[in-house]
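Engineer: okay, here's the prediction I keep looking at, along with the sequence it came from:
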Amino acid sequence: MAILEHGLNDEERRVLLNHGTEAPFCGTLLEEKRAGVFCCRLCGLPLFQTKTKFESGTGWPSFNTPYDPEHVRAITDTSYGMVRVETRCARCDSHQATSFPTARRLRASATASTRRP
Ligand SMILES: [Zn+2]
């Protein structure tokens with residue numbers, strides 16, 4: 001994992017490894033509409049496909065379904081007095097995004113993922 005971490009900038013390190021939250025509307029993938037796959041920034045595992053992406057109005061890229069249910073792990077977080085679901089890469093356990101379970105959607109942050117054709 002030390003090798004994978006090499007090459008991350010400070011912001012990527014904060015989001016992926018320290019489970020930080022990317023500010024909304026700043027991600028470069030929010031407007032991305034070209035067909036492709038969103039992969040984990042850290043280990044390259046495919047997480048989402050552009051065709052399941054939709055405009056949620058939240059400021060983060062949102063998806064109806066994962067690329068493969070086995071590739072994404074959902075961790076329920078009840079701290080701060082509310083229920084939130086954290087999305088993590090199932091292979092390297094890096095943080096991808098946080099969402100509310102009522103929304104029934106998955107999110108990716110541009111910091112935590114890269115797009116591949
Ligand atoms: Zn990963």
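Structural biologist: Good, I have the coordinates. Everything numeric in this text was worked out from a predicted model, so none of it was measured. Numbering: from 1, shown residues only.
Engineer: hmm, what's the outermost residue in the chain?
Structural biologist: Centroid-distance maximum for the chain: G81 at 22.8 Å, with CA atoms, centre = their mean.
Engineer: what about that one, distance to A108?
Structural biologist: 26 Å (CB to CB, to the nearest Å). (C-beta placed from N, C-alpha, C; glycine too.)
Engineer: swap in F48?
Structural biologist: Taking CB to CB, one finds F48 at 6 Å from A108.
Engineer: what do the two both touch?
Structural biologist: Shared contacts of F48 and A108 (CB atoms under 8 Å, 6 or more residues apart in numbering): F38, P61, F63.
Engineer: what's the burial count for the closest residue to R88 other than its chain neighbours?
Structural biologist: Excluding the flanking residues, the one nearest R88 by CB to CB, 6 or more residues apart in numbering is R73, at 4.5 Å. Using other CB atoms under 10 Å, the number of residues around R73 comes to 15.
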